[in-house]
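S.K.: Here is a sequence together with a model predicted from it:
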Amino acid sequence: MMTIVKWPGRILWRAFFWTDDRATWQYDLWVIAILAFVWLTPPAWLHDPTASGHGLVGWVLSLIR
């Protein structure tokens, strides 16, 4: 019998082992998620001693205000 893996486990498996082929929408989605994390995470959340400011989100919010 084959064990049925629930969708959260399947998503984590595919993310951890990066099983998607290049030039697929799934691969593009993972790349966008990684870039969003890198660009949108404030430096204070990562406790980066060399970073200053509020990151990209803080900069955009300062432009809006």
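M.R.: Cool, got the structure. Numbers count the residues shown, from 1 in each chain.

S.K.: need the next SSE after the helix or strand where Trp39 lies, C-terminal direction.
M.R.: Using DSSP states H and E, Trp39 sits in helix 25-40. Proceeding C-terminally, helix 25-40 gives way to helix 43-46 as the next helix or strand, assigned by DSSP H and E.

S.K.: and that following helix, how far from the chain's centre?
M.R.: Taking the mean C-alpha point of helix 43-46 and that of its whole chain, the gap between them comes to 15 Å (C-alpha atoms, centre = their mean, to the nearest Å).

S.K.: got the CA positions of that helix in PDB?
M.R.: Provided in PDB are the C-alpha atoms of helix 43-46 (Å, rounded to 0.1, in the frame of the first residue of the first chain):
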ATOM      1  CA  PRO A  43      17.400  43.700   9.200                       C
ATOM      2  CA  ALA A  44      16.300  43.900  12.800                       C
ATOM      3  CA  TRP A  45      14.500  40.600  12.600                       C
ATOM      4  CA  LEU A  46      17.700  38.900  11.600                       C
END
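
S.K.: Tell me how confident the model is about the helix or strand just after that helix, as a mean pLDDT.
M.R.: Along the chain past helix 43-46, the next helix or strand (assigned with DSSP H and E) turns out to be helix 55-64. Averaged across helix 55-64, pLDDT comes to 82.

S.K.: got the angle between helix 55-64 and helix 25-40?
M.R.: With axes from the mean of the first three to the mean of the last three C-alpha atoms, to 10 degrees as the criterion, the two stretches helix 55-64 and helix 25-40 enclose an angle of 70 degrees.

S.K.: For helix 55-64, which helices and strands make contact with it?
M.R.: helix 25-40 (3 or more C-beta pairs under 8 Å, 6 or more residues apart in numbering; DSSP states H and E). (Each C-beta comes from the backbone N, C-alpha and C, glycine too.)

S.K.: re earlier: list the contacts of the helix holding Trp39.
M.R.: Outside of helix 25-40, the residues that reach it under the criterion C-beta atoms under 8 Å, 6 or more residues apart in numbering are 14-15, 18, 20-21, 55-57.
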